[in-house]
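Asks: can't give you the sequence, but here's the structure:
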């Protein structure tokens, strides 16, 4: 059996895109911690705009803060004067915040793909991992997305962009990035700015929290184990649906999926269309199997998407047929 979830411990809930009062968020870092912790999250990355944030004092046995920053590159767009500007936002997370090499390099904010690529290379040299944020909200041109190098992840869902602007879906842009020859993980996040923290205070109508996250499998709640799990792709992105099992049964050459009740379980390959799927008009599907032979013949990779009748979705990480990274386990 090849475990396509790459499980290595319990799944832990994580929001890797958040803002505080350091920039344009309405909660302090401590309030962000308490709000998410009270709602079952164990991990939050603090990614304020162009301000690198590390909060080791927030660490406890049930909560892991990840140091980070959201960078932006924005310029006047001469090709679309009515649009005025073109922008690209990228989150960076630091694996070794205590290292003297963990230096945030202030960005120039100039939108040029070459500038972005040079910046990504410099930040990764300093120990950062990076994710392309809300490509739908940014209205990034497809040919530019395909030319960005070095991304570790792409937001397939950004809850803040969806809640406030109805453009949080980055699924198409993610598929374009994969099909241009790049490899990156699928990620869902809140990008929360609003809300008032505290156990006795309800969030306001412009709440943009608790809508997109990852479930990451890691044996211990430490920075080291988090980045080991991130590198190996031991997580899935979700708006709510849960993926319990997702593996290749090598003895039968079948993909096997078990999940929370959904209306659709789909395997997607190199095309945005379906390589295989099980479909219903109700949330009554919890299991599906798909022959792998036909998918292998026509695709370099495949990935799983599931969704409910109200379009709450979950996304696996891509599996490449030559991949050696997924764990082989004995059948039980």
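Replies: In hand now; what should we look at? Computed from a predicted model, the values in this text were never measured in an experiment. Residues are numbered from 1 along each chain as shown.

Asks: hang on, residue 65 packs against residue 33?
Replies: Yes - judged on C-beta atoms under 8 Å, residue 65 makes contact with residue 33 at a distance of 7.0 Å. In this view, the C-beta of every residue, glycine as well, is placed from N, C-alpha and C.

Asks: The closest residue to residue 244 other than its chain neighbours is in what secondary structure piece?
Replies: Of all residues not flanking residue 244 in the chain, residue 258 sits nearest, at 4.5 Å (C-beta to C-beta, 6 or more residues apart in numbering). Counting by DSSP states H and E, the element that carries residue 258 is strand 254-262.

Asks: picking up where we left off before, dump the residue contacts of the residue nearest to residue 244.
Replies: 243-246, 286-287 (C-beta atoms under 8 Å, 6 or more residues apart in numbering).

Asks: Any of the residues you listed buried? List them.
Replies: Buried residues within the contacts of residue 258, counting neighbours by 16 or more other C-beta atoms under 10 Å: 243, 246.

Asks: Would you check which pair of the contacts of residue 258 lies furthest apart?
Replies: Pairwise distances across the contacts of residue 258 peak at 12.7 Å for 246 and 286 (criterion: C-beta to C-beta).

Asks: residues shared between the contacts of those two?
Replies: 258-259.

Asks: what residues go with each domain of this structure?
Replies: Taking automatic domain parsing as the domain assignment, the ranges for the chain are 2-238, 243-311.

Asks: Pipe those domains into TSV and attach mean pLDDT per row.
Replies: Formatted as TSV, the domains of the chain follow (pLDDT from 0 to 100):
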stretch	mean pLDDT
domain 2-238	92
domain 243-311	94
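
Asks: most tightly surrounded among those?
Replies: Greatest average neighbour count among the domains of the chain goes to domain 2-238 (a mean of 19), per mean count of other C-beta atoms under 10 Å.

Asks: Now do it: distance from first to last residue.
Replies: 22 Å (C-alpha to C-alpha, to the nearest Å).

Asks: Off-centre distance for it?
Replies: 7 Å (C-alpha atoms, centre = their mean, to the nearest Å).
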